[in-house]
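**Q** What would the 3D arrangement of this be:
(3 chains)
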Amino acid sequence: MSDTTQGIDPLAAYANFKPAIAPEKPARGKRVLHLIRSQPLGAISAFVLLIMVLAATFAPYLAPFDPTTGDPTALYQPPNAKYWLGTDAFGRDILSRLIYGARISLIIGFGASILGVVVGTIIGVTSGYLGGWLDSIAQRLMDAMLAFPMLLLALAMAAVLGSSVQNVIIALAMPIVPRAARIARASTLVLKTTTFIEASRAIGCSNLRIIVVHILPNTFAPLLVIATAYLGLAIVQEAALDYLGAGIQEPQPSWGLMMSGSATSLALTAPWIVLVPGLAITVVVLASNLLGDAIRDVLDPKLQRNI
Amino acid sequence: MLGYIIQRLATGVVTLFGVALIVFLIMRVIPGDAAVMMSGAGSGVVSEAELAQVRARLGIDRPLVVQFADWASHVAVFDLGTSLRTGSPVIEDIARRFPYTLQIVVLAMVLAIGIGVPAGVVSSWFAGSWIDRSLQTFTIIGLAAPSFWVGLMMIIGLVYFFNWSAPLFWEPFWTSPLKSMSQLIWPAIAVGLRQLALIARMTRSIMREVLNEDYIRTARAKGLSETRVVFRHALWNGALPIITLIGFEIAALFGGLIITETVFSVPGLGQYVVQSILDRDYPAAQGIVLMLAGIVVLGNLVVDLLYGLLDPRTRVQGARA
Amino acid sequence: MSANDMTKKLPINRRAVLKAGASGLAAATMLPTVSWSQTKSPKSGGTLLLSHGGDPPTLDMHQSATYLTEFVASPCYSTLLRIDPTDINKLIPDLAEKYEVSPDGKTVTFNLVKGVEFHNGMPLTADDVVFSLDRIRKPPAGIVSPRKGLLGGVKDVVAKDAHTVVVNLIAPQADFPFQVANPYNVIVPRKVVEPLDTAGTGMKRTIMGTGAFKLSQAVDGQIYELVRNEKYFGQKAYVDKIQMFPIRGEVERASALQSGRIHGSFFFASEAVLDGLRKTPNITALRRPTPTFINLIPNLKVKPFDDIRVREALSLAIDRSAFIQTVGPLAGAFYHSTGLLLPGSDYNLGMDEIKKYSGFDTMPEGGGNIEANRKRAMELLEQAGVPKGFKMSLLARSDIPAFRDSSINLAAQLKTIGIEATVDIRDAGAFYTAETTGQFQVVAHSIAISGSLPDQILGEGYTSFGGRNYGGWKDDAIDAAFRAQSAELDPAKRKELIKDFQRMFLKTYFHINLAWVGYGAAHSNSLKGWNALPDLYANMQMDRVWLDT
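**A** Numbering: from 1, shown residues only, chains lettered A, B, ... in the order given. Purely as a prediction, here's the structure:
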């Protein structure tokens, strides 16, 4: 099922994952072109994400208005020539907030998924490689975190840490950690028994060296797929935290905030206020899902048959 | 098989103990004092002496280890304590709110399976056609759209086009099943859309794969009708992964409902647990998180057992593991 | 109503409201006279459907300070005296058919109505009154009483006989009868409540009163239902039943009202929502000023806020008109007062005098110059040795967007005097803990006082022993001035003493008053007999309300 896009919990699909030990590499020159041709959806998704990243980066140059100060004479404007996407309850331009909001939403999305996957990988690889009681404890801990409802874990962590961009990233990375750890551990367990790891051990390589040089590079492919899938998830969860009042705070524009709080108090009569940021989130999640699929197909064609 | 079940149950209990420990610690680490919240928060300064009395009454002035042991020993006999906020036993609060949540989950899953599986079959049948393409587009968007946003947009649409408004009183299932279902169908759709999309895509892929297998070709060669081939042979053989997915997704649904219930103001468990965390209602928050985790653990167990029943190979492996 | 209507009409309406709020007197004219002056005779029967903004955190009136509790429980209780439903400055009898103040003003005797029964059939005695007043002023261990200060002037309460209660005061107190008429200070039965208090739960889940209604069910998150008390000692209530639904969202509540599924909702903050209701036919929507004010409170225990120059600079930095304009429509903070008392109160200092205090001239019609104020603020900060770009955090609460947004507006205003103010937004649990235990630098708090008299507002809000002294200041002279005005029985002299108190307090900048709040109320025109008083909590007994169907 090469085209199955992973949603909230990509873990289920990777339960039977077998790592690719030596992905073959075609000649470098034609690779990019070949990739685009073989994975058109993936290429488009990558392009969409790139556009979003660029828009976020150059927000001050692109946004027509200031995202935080509104025009008190232009509240609840429907989309028009001046305000392309309308204005909210404070008369703030929704397009400008969308562009600036991309900054925070993407920073949090990338930040949380990378942090979660990195920490999860370290835990998974170490515990899988070393084994023993350390592995058992780590596994039970990861099981417990997995059984925790994702949003509640993030909500509780946000309450512990307080709300700032860094803290929301940490809070949202928490639920990703056990999921990444499981996959990294599974790959490590398979790799551990392969002859070339045993050979490295025989010639006296240190554990650290074996992990860094031999195991980590080989767990890279599935983890990249996971990281891409969780990028979208983290953005959705960030919006959910904002909706519950526990995420990023006004006046910073984030897509989640644009859908919550007093700015949306009249969403029933001015639906564009919540329509636009939700669409933006959907597009990013869609793109990150499709990109994840494409990366998976490219890096490991065998995987598609394993689900 | 029995040994396997016992072993899995034991692991489940250990996992739940871990959850209990984590949720207990998190609730105590969150800045904010249950005693302050219990003392008419927002109504003025409360002296340290008064707070100390309230803490003593709640038993939260004891060492953490003692508190945890006390709580865990009560939980072991299914006593979740008394909610600080509502003042009634947490079990009672759950018993009143859980039916709403469960009902949404069941409705959502019925919709997801009832529409998702046929949609997947149709999609695979007409693979490559416009029907397939539009279904594929719909499901891939369904997977990407945040469920609470879908809920918000649904409310706006319902109000705008059908002059709908959120119910004042959510009818319990046992007093008026039909009315209750008609009220809860909207949150069920909002939260179940994702599951529907997931199941439809999964079904399609599996059907595509199975329909190419040798025995299906044999069945076709024997002259069996296409309907019979699809439903009797292909779908039956592809059922296992779909059931697995459903098992995981039911557990995920309970977690996903937390925010959808807030959007629709359904008086279910989701709203209750969010409010409990905000109010530092330790017994309630801890109890519900533990219960939701229990559902996940149980869901995984059931999926494993089903696997064992339906697929003899796994049972042997499982028994050995 | 289409979005276009909204955009066209909203600003105009807001301006109209602002204008109305600008002069204290105009605020009073906003109250409707329609529903009270109707000529039809009241009808009995029907179920009154109401909705308020959420579940009461407790049903114990003595332990609560939120309208969520008061709106549900008030119809079930009686107080010794009751605020006149037509005039907030008058009292009418309730459980006490009459009361008498001794010539020296230090003894107040209440004569109770005979034959009054609690909802469980127990007779009300003077001992229950003694128990209730003592529970409020000296709560037992583990019970927290936010209004103990209201009865702080009481020396003791004695039951002279089964139907006579004598209250001895430490000093004469003109406002005392109003303190016992506070809608929260209800009379509860000793026999029922004392064991609950000993058990530590209090009346969290219990309502046991002598009021016109009794509680028939309370389902958290779903419904609170009251039925008429057929054995009520006064005139029986008109409606058979009251059902109240906790709907958090204002928009949802408004739409329930518009679609006729509820008869009324007495708590709206957002002007946009209220304005939509105002335009709906057959709905009366109004905003009533209430003793709730937004104050900026510096923590005196944290440097540099112990320095008066820094506090004065904070006051100078805030453009009050701009604050009201931005926050008004969200939180209902449309009003301002020319003193520390309710907008329009005779006790206030008046514009000419209050605008002499730093920053108050930026109130609407104050004629101040905010640029000059901010320049002066920066000079003061420099004198106090506060470096430019000084980092400061403003504690705010995350779950009520209007509160969050007011703090954001204030932080932006403070930046203009070179203070790098960040808003530290915490959820309710963390916010209240930080505020109550003094773990903050500056907080902007919407302070809701359960009464509008000088003893209530000044006592709770502006004394060092009052419940709202979050900043931890101490000033014996101010406390003495409070006691002096409280004990003065001559109205003219008292007025002067109250003004002196305000002059004394305003120059300390312990609290920096920014705006006053008015809450919206809306009801269908079939709901009759309810009169909005300029106090959120007053006249919520619902016994005179009837349905014209």
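**Q** My guess is residue B:117 contacts residue B:200. True?
**A** Yes. Using C-beta atoms under 8 Å, residue B:117 is in contact with residue B:200, at 7.5 Å. Bear in mind the C-beta positions are built from the backbone N, C-alpha and C, glycine included.
**Q** higher neighbour count, those two?
**A** More neighbours surround residue B:200 than the other of residue B:117 and residue B:200, with 28 against 22 (other C-beta atoms under 10 Å in any protein chain shown).
**Q** Name the helix or strand for that one, please.
**A** If you go by DSSP states H and E, residue B:200 is part of helix B:177-211.
**Q** and that helix with chain C, contact?
**A** No. Using C-beta under 8 Å from any C-beta of the partner chain, we find that helix B:177-211 stays clear of chain C, coming within 12.3 Å at best.
**Q** And the next helix or strand past that helix?
**A** Note on helix B:177-211: by DSSP H and E, the next helix or strand toward the C-terminus is helix B:214-221.
**Q** C-terminal to that next one, what's the next element?
**A** The helix or strand immediately downstream of helix B:214-221 is helix B:226-228, counting by DSSP H and E.
**Q** same for the helix or strand following that following helix, what does it pack against?
**A** Remark: after helix B:226-228, the chain's next helix or strand is helix B:236-264, criterion DSSP H and E. Counting by 3 or more C-beta pairs under 8 Å, 6 or more residues apart in numbering or on different chains; DSSP states H and E, the packing neighbours recorded for helix B:236-264 are helix A:150-161, helix A:216-243, helix B:90-125, helix B:147-162, helix B:177-211, helix B:269-278, helix B:282-310.
**Q** By proximity to chain A, which residue of the stretch 51-200 of chain C wins?
**A** In the stretch 51-200 of chain C, the residue that lies nearest chain A is residue C:53 (13.4 Å; C-beta to the nearest C-beta).
**Q** Leaving out chain neighbours, which residue sits closest to that residue?
**A** Nearest non-adjacent residue to residue C:53, counting by C-beta to C-beta, 6 or more residues apart in numbering or on different chains: residue C:267, 5.3 Å away.
**Q** so the one you found is in which element?
**A** Applying DSSP H and E, one finds residue C:267 within strand C:264-268.
**Q** before we move on, what about residue C:160?
**A** Using DSSP H and E, residue C:160 maps to strand C:154-161.
**Q** Adjacent strands (with direction) for that strand?
**A** strand C:164-169 (antiparallel) (DSSP bridges).
**Q** got the contact list for the strand it pairs with?
**A** Residues outside strand C:164-169 that contact it (C-beta atoms under 8 Å, 6 or more residues apart in numbering or on different chains): C:80, C:96, C:105-112, C:126, C:129-130, C:133, C:153-160, C:176, C:180.
**Q** what's the neighbour count on residue A:277?
**A** For residue A:277, the count of nearby residues is 29 (other C-beta under 10 Å).
**Q** before we move on, which element is it in?
**A** Using DSSP H and E, residue A:277 falls in helix A:272-299.
**Q** Name the residues of the stretch 301-450 of chain C found near chain B, please.
**A** Residues of the stretch 301-450 of chain C that fall close to chain B, judged by C-beta under 8 Å from any C-beta: C:399, C:426-434, C:436-437, C:448.
**Q** how does it look with 6 Å?
**A** Counting by C-beta under 6 Å from any C-beta of the partner chain, the stretch 301-450 of chain C comes close to chain B at C:427-430, C:432-433, C:436.
**Q** Chain B: which of those residues is nearest?
**A** If you rank those by distance to chain B using C-beta to the nearest C-beta, residue C:429 comes first, at 3.2 Å.
**Q** Just to check, residue C:505 is in contact with residue C:462?
**A** Yes. With contact defined as C-beta atoms under 6 Å, residue C:505 reaches residue C:462; the gap is 5.4 Å.
**Q** how near is the residue nearest the centre of chain A to residue C:443?
**A** With distances taken as C-alpha atoms, centre = their mean, the residue of chain A nearest its centroid is residue A:231 (1.1 Å). Noted for residue A:231: a distance of 37 Å to residue C:443, by C-beta to C-beta, to the nearest Å.
**Q** ditto for residue C:102
**A** Distance, residue C:102 to residue C:443, using C-beta to C-beta: 43 Å.
**Q** ok, back up a step: which of residue C:505 and residue C:462 has more neighbours?
**A** Using other C-beta under 10 Å, the more surrounded residue of residue C:505 and residue C:462 is residue C:462, with 26 against 23.
**Q** Can you name the residues that contact the more buried one?
**A** By C-beta atoms under 6 Å, 6 or more residues apart in numbering or on different chains, residue C:462 lies in contact with residue C:505.
**Q** Now do it, the pLDDT please.
**A** Residue C:462 carries a pLDDT value of 93.
**Q** mind showing which ranges of the stretch 51-200 of chain A have poor pLDDT?
**A** A:72 (pLDDT under 70).
**Q** Most proximal residue of it with respect to chain B?
**A** Nearest residue of the stretch 51-200 of chain A to chain B (C-beta to the nearest C-beta) works out as residue A:144 at 2.9 Å.
**Q** ok so, going back, what's the angle between the helix holding residue A:277 and helix B:147-162?
**A** Helix A:272-299 and helix B:147-162 are oriented at 140 degrees to each other (axes from the mean of the first three to the mean of the last three C-alpha atoms, to 10 degrees).
**Q** So which bits of helix A:272-299 are buried?
**A** A:272-298 (16 or more other C-beta atoms under 10 Å in any protein chain shown).
**Q** For the stretch 201-350 of chain C, which residues are neighbours of chain A?
**A** The stretch 201-350 of chain C has residues C:251, C:270, C:272, C:330 near chain A, with proximity defined as C-beta under 6 Å from any C-beta.
**Q** any idea which of the residues you listed is closest to residue B:98?
**A** For these, the closest approach to residue B:98 (C-beta to C-beta) belongs to residue C:251, at 28.0 Å.
**Q** Contact residues of the stretch 51-200 of chain A facing chain B?
**A** Going by C-beta under 6 Å from any C-beta, the residues of the stretch 51-200 of chain A near chain B are A:140, A:143-144, A:147-151, A:156, A:159-160.
**Q** Could you tell me which ranges of the stretch 351-500 of chain C sit under the pLDDT cut-off?
**A** Scanning the stretch 351-500 of chain C for pLDDT under 70 picks out no residues.
**Q** mind checking how far residue A:113 is from chain C?
**A** Distance check for residue A:113 against chain C: by C-beta to the nearest C-beta, to the nearest Å, it reads 25 Å.
**Q** Which of the three states applies to residue C:393?
**A** Three-state assignment for residue C:393 (DSSP: H, G, I helix; E, B strand; the rest coil): strand.
**Q** State the distance from residue A:175 to residue C:269.
**A** Distance of residue A:175 to residue C:269, computed by C-beta to C-beta: 34 Å.
**Q** where's the closest residue to residue C:175 other than its chain neighbours, which helix or strand?
**A** Nearest residue to residue C:175 in three dimensions, chain neighbours excluded: residue C:455, at 3.9 Å (C-beta to C-beta, 6+ apart). Using DSSP H and E, residue C:455 falls within helix C:454-461.
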